[in-house]
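Novice: fold the following and give me the result.
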Amino acid sequence: MRLGYSLSYWGTAGLSPAEHLTLVREAERLGYHSAWAAETYGTDPASLMAWLAGQTTRIRLGTAILQMPARRPVAAAMTAATIDQLCGGRFRLGLGFSGPQLVEGWHGLRFDRPLAQARDYVAVVRMALAREPVRYSGPTLTVPLPDSEGKEMALAVEPVQQPLPIYLATLGPQAVRLTGEIADGWLPLNFPPEHVAACRVQLQEGAARAGRTLDGFDVAPMVMVLVEEDLELAYDMMRPMLALYLGGMGSRRHNFHNQLAARLGFEREAETMQEAFLAGRQGEAMAAMSDALVDAMTVCGPPARVRERLAAYREAGVTTLIVGVVPPTLRLRMEQLRRIAEIAGSL
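Specialist: Below you'll find the predicted structure:
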């Protein structure tokens, strides 16, 4: 099992660009396989990856994720091919649906038929990255437009990798099956190892629909990790970001992270947390979060406890574990990267 490092949402970490670069270079020095950047309504992860491409040499660079509604599929393909050229074939294109709160509130688009849109989107991205003339007709996308002045075009720049890996960030059963069918990797967020193992069946079902296996498929969950002798302190350090996901990452009707917590058996407290968070009572939302919920959706505690949890991810079939670190300072984050690498290396 390889390690990845998540820069998370650049603007929320409280670190300067130079400090983020220091962390990525340290992850590269420690042997981390990949570094990933996310997208909400702040910094652009593709720009970050292009910037890091010229300042690193070995570590793979990925978007986790680019929001599909935010850019047309051929634009995503151009971005991916460009960054892959800049970094010498180290890029991974991670894509995601986002949710109605952001898609409708920020991009001004309807959150409609996301699975159908994702299928069409990935098909066009693959066609463009293969430098084939793009001609596609699906339920949600037709290129070129019929009865128009449009013409078939092919991508004018060639990515180093053929094929360039495409990942999907999905949570629900049908979306996970689609990931197994059309993607090269899976980016679930805050999944406990037991749930990752259970979802492999859905990935396999999707792969079977496409007449393939999961050989070479990258199961790459993203999880917050903290090595800390004081377990109660570790839980408390995890609560703010977890409360944001379960309480504020979505609307009252559509919060996929909250729905995941419910599927894991925490429906009542997830509902209580969301009510408090959306009412502006973030402290109450964090207080409503049980240690058991934090334990399920993160990895934290003394080294032996973290080692046991990382081993469980490996046994669940995880091939890349992407870790997010939560301490507020550069020094403490550097220390966490080192300690996590040491524990993972001892498995």
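Novice: helices along the protein, start to end?
Specialist: 17-29, 45-53, 73-86, 100-105, 114-129, 173-182, 193-209, 231-243, 256-261, 267-278, 282-287, 291-297, 303-315, 330-345 (DSSP state H).
Novice: run the angle between the second one and helix 17-29 for me.
Specialist: The reference is to helix 45-53. Taking axes from the mean of the first three to the mean of the last three C-alpha atoms, to 10 degrees, one finds that helix 45-53 is oriented at 70 degrees with respect to helix 17-29.
Novice: can you put the helices of the chain in a markdown table and add mean neighbour count, mean pLDDT and distance to residue 92?
Specialist: Heads up, the C-betas are built off the backbone N, CA and C, glycines and all. Shown next, in a markdown table, are the helices of the chain (neighbours: other C-beta atoms under 10 Å; pLDDT from 0 to 100; distance: least, C-beta to C-beta, whole Å):
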| stretch | mean neighbour count | mean pLDDT | distance to residue 92 |
| --- | --- | --- | --- |
| helix 17-29 | 17 | 96 | 14 |
| helix 45-53 | 21 | 96 | 9 |
| helix 73-86 | 21 | 98 | 9 |
| helix 100-105 | 18 | 86 | 22 |
| helix 114-129 | 21 | 97 | 12 |
| helix 173-182 | 21 | 97 | 14 |
| helix 193-209 | 18 | 97 | 17 |
| helix 231-243 | 19 | 95 | 23 |
| helix 256-261 | 21 | 92 | 22 |
| helix 267-278 | 19 | 93 | 31 |
| helix 282-287 | 18 | 93 | 33 |
| helix 291-297 | 19 | 97 | 24 |
| helix 303-315 | 17 | 98 | 19 |
| helix 330-345 | 17 | 97 | 20 |
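Novice: residue 61 is nearest to which of those?
Specialist: Nearest to residue 61, of all the helices of the chain, is helix 45-53, at 4.5 Å by C-beta to C-beta.
Novice: quick check: bridge partners of residue 6?
Specialist: residue 36 (DSSP bridges).
Novice: burial count for it?
Specialist: Residue 6: 22 surrounding residues under other C-beta atoms under 10 Å.
Novice: residues in contact with it?
Specialist: 35-38, 64, 222, 322-324 (C-beta atoms under 8 Å, 6 or more residues apart in numbering).
Novice: then residue 194?
Specialist: Taking C-beta under 8 Å, 6+ apart, one finds 312, 316 in contact with residue 194.
Novice: let the chain start at 3 from now.
Specialist: With 3 as the first residue, the last one maps to residue 196.
Novice: any idea how far it is from residue 230?
Specialist: 23 Å (C-beta to C-beta, to the nearest Å).
Novice: residue 261 too?
Specialist: 29 Å.
Novice: in this structure residue 290 contacts residue 272, no?
Specialist: No. Applying C-beta atoms under 8 Å as the test, residue 290 and residue 272 come out as separate, 9.0 Å apart.
Novice: got the end-to-end distance for stretch 53-63?
Specialist: 10 Å (C-alpha to C-alpha, to the nearest Å).
Novice: next: stretch 146-162.
Specialist: Span of stretch 146-162 from end to end, C-alpha to C-alpha: 26 Å.
Novice: how about that stretch, which residues are buried there?
Specialist: Of all the residues in stretch 146-162, those buried under the rule 16 or more other C-beta atoms under 10 Å are 146, 157, 161.
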